[in-house]
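Participant: sequence first, predicted model second:
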Amino acid sequence: MAGSASTKEFRLGVLGSGEGSNFEAIVGACRDGAVPATVAVVLSDMKEAVILQRAREAKVACAHIEPGKFRTKLDESAEAAYIKALNDAEVDLVVLAGFMRILKGEFLRAFEGRVVNVHPSLLPAFPGLEAWKQALDHGVKMTGATVHFVDQGVDNGAIIEQEAVPVLGDDTPEILHERIHGAEHRIYPEAIAAIARGEIALRGRRTIKVLP
Ligand code: GAR
């Protein structure tokens, strides 16, 4: 599994398309010592993404890399460019933080078992886009946030951590998403810390905590 108990720096490559609030939580947790890792690079498919502004403000290396001709995934040359940038930054773990493109094939082979994602629902409920809105539309009383390894399926890989979040009577999509963000900002740094310490092992679809 990704992670090591050695003293070598554990390096994160964060990919995001939007606001970057999860990036902010992760870089903060790295800097205050809660996560034994460093954010080595931030990459975005969106030139004007707030996550890039936040990275520049936090003095973290960052770049916009064109995603290519497709709307929901990277084309072949973009995929190669993302892999190169992450390898150049000597990244141990790829952290998807609101990256709105599906990563497949070559990319997942390049970082096998070393890509994690945060999703705004209690998976396997509500995979895909705007999961907080799906939860409201469905009328569930409880939703949440999930951190999971990324595999070939969409929002499908082994689950590392989850936190439940209540859906309240007068929630709007924005208010519910904000409450879910709160959970994400707690469990994403925790999960990354556990991986960096070498405490997470995979048993089939299940992850278990082990002593490093
Ligand atoms: C987060 O809520 C994350 O779970 C979601 O995008 C938001 C990004 O927020 N990701 C997905 O829906 C991926 N399927 P952020 O840019 O403020 O971290």
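Facilitator: Okay, I see it.
Participant: span of stretch 44-59 from start to end?
Facilitator: End-to-end distance for stretch 44-59, by CA to CA, to the nearest Å: 16 Å.
Participant: nope, stretch 33-43 is what I meant
Facilitator: Span of stretch 33-43 from end to end, CA to CA: 23 Å.
Participant: quick one: residues in contact with it.
Facilitator: Stretch 33-43 is contacted from outside by 9-16, 20, 23, 26-27, 29-30, 51-52, 55, 58, 60-65, 82, 85-86, 89-93, 189, 192-193, 196-197, using CB atoms under 8 Å, 6 or more residues apart in numbering. Backbone N, C-alpha and C define where each C-beta goes, glycine included.
Participant: remind me, longest helix of the protein?
Facilitator: In the chain, taking DSSP state H as the definition, the longest helix is helix 173-196.
Participant: can you list the residues of this structure near the ligand?
Facilitator: Contact residues (CB under 6 Å from any ligand atom) of the chain with the ligand: 16, 18-22, 51, 97-98, 118-120, 131, 181, 184.
Participant: for the ligand, give me its nearest residue in the protein.
Facilitator: Taking CB to the nearest ligand atom as the measure, the chain has residue 98 as its residue closest to the ligand, at 2.6 Å.
Participant: and residue 144, that one's in a strand?
Facilitator: Yes - counting by DSSP: H, G, I helix; E, B strand; the rest coil, residue 144 is part of a strand.
Participant: what about it, distance to residue 119?
Facilitator: Residue 144 sits 10 Å away from residue 119, going by CB to CB, to the nearest Å.
Participant: kindly report the same for residue 209.
Facilitator: Counting by CB to CB - residue 209 and residue 119 are separated by 21 Å.
Participant: so for these two, which residue has more residues nearby?
Facilitator: A count of neighbours by other CB atoms under 10 Å puts residue 119 above the other of residue 209 and residue 119, at 24 against 10.
Participant: isn't that one right next to residue 149, touching?
Facilitator: No - with contact taken as CB atoms under 8 Å, residue 119 and residue 149 are classed as non-touching, separated by 11.6 Å.
Participant: buried sites along stretch 62-74?
Facilitator: 62, 65, 67, 73, 74 (16 or more other CB atoms under 10 Å).
Participant: which two among those are spaced furthest apart?
Facilitator: The largest separation in the buried residues of stretch 62-74, counting by CB to CB, is between 62 and 73 at 21.4 Å.
Participant: quick check: phi and psi on residue 153?
Facilitator: phi -80, psi 170 (degrees, to the nearest 10).
Participant: show me the strands in this protein, by range?
Facilitator: 11-15, 38-44, 62-64, 93-96, 115-119, 142-149, 159-166, 200-203, 206-209 (DSSP state E).
Participant: and the pLDDT for the closest residue in space to residue 150 that isn't next to it in sequence?
Facilitator: Among residues not flanking residue 150 along the chain, residue 115 sits closest, at 4.1 Å (CB to CB, 6 or more residues apart in numbering). Per-residue confidence at residue 115 stands at 98 (pLDDT).
Participant: run a quick neighbour tally on residue 115.
Facilitator: Neighbours of residue 115 (other CB under 10 Å): 23.
Participant: go on, residue 202?
Facilitator: 14.
Participant: try residue 150
Facilitator: Quick note: residue 150 (other CB under 10 Å) scores 24 neighbours.
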